[in-house]
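Student: Pasting the sequence and the predicted model now:
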Amino acid sequence: HAAGVLLGRAEALLGRYRAAFSSLSGARMTPRHAELLVLLLDQVPDPGLRDRLIGPAVELAETEPVGTFRRRVKALIEKEQAPTLTERHQAAITRRRVWIEDDVDGMAWTHLYGPAVEARAAFDRATRIGKTIQKAETAAGTTDPRSLDQVRADVYGDLLVAGVVTAHPKTAQRIRAQVVVTVPVLSLLDDAYANAPGAEPAVVEGVGPIPIQKARELAGGAKEWIRVLTHPETGIVLSIGRDRYKVPKPLRQAVTWRAGRCLTPGCGMPANRCQIDHRIEWQHGGETALTNLNPFCTNHHIIKTVTGWRIEQAHGGAVTWISPTRRAYTVHPERTLPAFTLPPDP
C-alpha cells in the first residue's frame, strides 16, 4: 500500500503537477507540502481548474508552513468551486441520515451526516452548555469528575432523549447555538454577483463556503447568529483606547473574525478558543484597540509573554514573530478589515 501511494504521488508530480515537482526538486517546498498538494488538488474533478490552481498552490507551498498551507489551498479550491456550490450542496443534502455503530463494553457510536452549519451549531451549543454546567458546579463548591468531552456527550444525550432538560442549570437552558456567517453584501443582494466567477462566497466560520440561499437565511436570522457583512469600499474603526483593559464583546468578535486562527506560525487553534492579547501590554501603555489586539492560544500567549520571542504588528492585521536569533516569521490573518479614515479636521 505504501509503495502504491508513493508511485501515485510520483505519477501526479511528474505528470499533472510539474511545477510542484520542480519546486520540490529545488528544495523550495518540503515533501509534506508536495504530498498535501497532490492530495488536495486531486480532489478537484475539473482538470482545467486543477491547472489554474497549481501555480497559486505552489506559491503557497513555498512560503507557508504546512498547517497554513493546507487551510489556504482548501480555501482557494472552495472559492473557485463556489459557483457550483449550491448544486453540489443540494445533491449532497439528499444523502443526510443518522445511523448507529455498535462498539464494545456496552457503548455505541451515533453518526449524523447532515448540513455542516447545523452540525457546527449543535456542537457549539452543547459545548457552551457543558462549560456552563461545569462553571455552575464550581460556583456551588462541588467538583465534577467529568471532562468537557464527557459533559458534552451527556448534554447531547440529554437533549436528544429528553428535549429541554430541566435538570440543567437555568443559565445552561437559555443557551442557543452561535455561528459566525460572513456574507459579501453584494452577493447577499444580487444572484448575478453571487454566482459570478471569482466572487467571494459566503462563509461560515469552521465550516467554509455555503450556498448563498443558506447565507441569506442566516443573515436575516435570530440574534444568536453573528452577522458580518463585508464590502470592498467600507470599513470600521474599533477602539476604546485606554478607557478600560477588558475587551468588549464586539471588539473581541472583530479580532477573532479577522484572524480566524491563532496568529502563531503553524498553529491551527481556532481564534474563538484563543486568548486576546494586547501586543503592547496594558501596563506599558497599550490600548484596547483592533490594531493592538491579537488572538493567541494559551501556550503561544505564554511564549510571547515570558520568553525571548517578540512580535510586531504588520500591515492588515498580520503578525511578525521574531525569534531570539532574530529570524522573522510573518503570519497573515484569514481575513482583512478595510481601513477607514476620516479626512483631516480643518
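Tutor: Everything's here; your move. These numbers were taken from a predicted model, which means no experiment stands behind them.
Student: and Val204, bridged to which residues?
Tutor: Applying DSSP bridges to Val204 gives these bridge partners: Val181, Gly208.
Student: From Gly4, how far off is it?
Tutor: Going from Val204 to Gly4 by Cβ to Cβ, to the nearest Å gives 36 Å. Heads up, the C-betas are built off the backbone N, CA and C, glycines and all.
Student: longest helix anywhere in this protein?
Tutor: Determined from DSSP state H, the single longest helix within the chain is helix 116-139.
Student: so how far is it off the chain centroid?
Tutor: A distance of 18 Å separates the centroid of the chain from that of helix 116-139, by Cα atoms, centre = their mean, to the nearest Å.
Student: what about Val204 and Gly4, which has more around it?
Tutor: Using other Cβ atoms under 10 Å, the more surrounded residue of Val204 and Gly4 is Val204, with 21 against 8.
Student: So that one is in contact with Ile210, correct?
Tutor: Yes. Between Val204 and Ile210 a contact is recorded at 5.4 Å, counting by Cβ atoms under 8 Å.
Student: Mind listing the shared neighbours of these two?
Tutor: Counting by Cβ atoms under 8 Å, 6 or more residues apart in numbering, the contacts common to Val204 and Ile210 are Ala116, Val117, Val181.
Student: Contacts only, for Ala328.
Tutor: Contacts here follow Cβ under 8 Å, 6+ apart; on that basis Ala328 touches Thr320, Trp321, Ile322.
Student: Which among the residues you listed count as buried?
Tutor: Neighbour-count burial (16 or more other Cβ atoms under 10 Å) applied to these gives Trp321.
Student: secondary structure class for Gly268?
Tutor: In terms of secondary structure, Gly268 is coil; the call rests on DSSP: H, G, I helix; E, B strand; the rest coil.
Student: Mind listing what's buried along stretch 275-282?
Tutor: For stretch 275-282, the neighbour count (16+ other Cβ under 10 Å) marks Ile276, Asp277, His278, Arg279 as buried.
Student: and the next element down the chain from the helix or strand Leu85 falls within?
Tutor: Leu85 belongs to helix 85-93 when assigned by DSSP states H and E. Next in sequence after helix 85-93, counting helices and strands by DSSP H and E, comes strand 97-102.
Student: between the following helix or strand past that following strand and helix 85-93, how many degrees?
Tutor: Next helix or strand after strand 97-102 toward the C-terminus (DSSP H and E): strand 108-113. Put simply, strand 108-113 runs at 150 degrees to helix 85-93, going by axes from the mean of the first three to the mean of the last three Cα atoms, to 10 degrees.
Student: Touching strand 108-113 from outside, list them.
Tutor: Contacts with strand 108-113, where a contact means Cβ under 8 Å, 6+ apart, come from Arg95, Arg96, Arg97, Val98, Trp99, Ile100, Glu101, Asp102, Asp103, Ala119.
Student: Let me see the ranges of the helices in the stretch 151-300 of the chain.
Tutor: In the stretch 151-300 of the chain, the helices defined using DSSP state H, counting those that start in this stretch lie at 170-173, 185-189, 191-194, 212-219, 249-259, 298-306.
Student: Put together CSV for these, with mean neighbour count on each row.
Tutor: Listed next are these as CSV, based on neighbours: other Cβ atoms under 10 Å:
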stretch, mean neighbour count
helix 170-173, 14
helix 185-189, 17
helix 191-194, 15
helix 212-219, 19
helix 249-259, 19
helix 298-306, 14
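Student: and Leu14, that's in a strand?
Tutor: No. Leu14: not assigned to a strand; according to three-state DSSP it is helix.
Student: re earlier: now the helix holding Leu85: buried residues?
Tutor: Leu85, Thr86, His89.
Student: Tabulate those (JSON lines), appending pLDDT and distance to Ala126.
Tutor: What follows is those, written out as JSON lines (pLDDT from 0 to 100; distance: Cβ to Cβ, whole Å):
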{"residue": "Leu85", "pLDDT": "79", "distance to Ala126": "27"}
{"residue": "Thr86", "pLDDT": "80", "distance to Ala126": "29"}
{"residue": "His89", "pLDDT": "85", "distance to Ala126": "24"}
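Student: distance between the ends of stretch 192-204?
Tutor: From its first residue to its last, stretch 192-204 covers 21 Å (Cα to Cα, to the nearest Å).
Student: Give me the contacts around that stretch.
Tutor: Here stretch 192-204 makes contact (Cβ under 8 Å, 6+ apart) with 78-79, 82-83, 85, 116-117, 120, 179-184, 186-188, 209-212, 214-215, 218, 230.
Student: Tell me how many other residues surround Ala34.
Tutor: Neighbour tally, Ala34, other Cβ under 10 Å: 22.
Student: What mean pLDDT does stretch 69-82 get?
Tutor: Stretch 69-82 shows a mean pLDDT of 87.
Student: For that stretch, what is the distance to the chain centroid?
Tutor: Mean-position distance between stretch 69-82 and its chain equals 13 Å (Cα atoms, centre = their mean).
Student: what comes into contact with that stretch?
Tutor: By Cβ under 8 Å, 6+ apart, the residues outside stretch 69-82 that reach it are 33, 36-37, 40-41, 43-44, 49, 52-53, 56-57, 60-61, 64, 85, 88, 198-201, 208-209, 261, 268, 334.
Student: In PDB, could you pull the C-alpha coordinates for that stretch?
Tutor: Provided in PDB are the C-alpha atoms of stretch 69-82 (Å, rounded to 0.1, in the frame of the first residue of the first chain):
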ATOM      1  CA  PHE A  69      -0.700  25.800   3.500                       C
ATOM      2  CA  ARG A  70      -3.400  23.100   3.900                       C
ATOM      3  CA  ARG A  71      -6.000  25.600   5.000                       C
ATOM      4  CA  ARG A  72      -5.300  28.200   2.400                       C
ATOM      5  CA  VAL A  73      -5.200  25.700  -0.500                       C
ATOM      6  CA  LYS A  74      -8.500  24.300   0.700                       C
ATOM      7  CA  ALA A  75     -10.000  27.800   0.800                       C
ATOM      8  CA  LEU A  76      -8.600  28.500  -2.600                       C
ATOM      9  CA  ILE A  77     -10.300  25.400  -4.000                       C
ATOM     10  CA  GLU A  78     -13.600  26.200  -2.300                       C
ATOM     11  CA  LYS A  79     -13.600  29.700  -3.600                       C
ATOM     12  CA  GLU A  80     -13.000  28.500  -7.200                       C
ATOM     13  CA  GLN A  81     -15.700  25.900  -6.900                       C
ATOM     14  CA  ALA A  82     -18.200  28.300  -5.200                       C
END
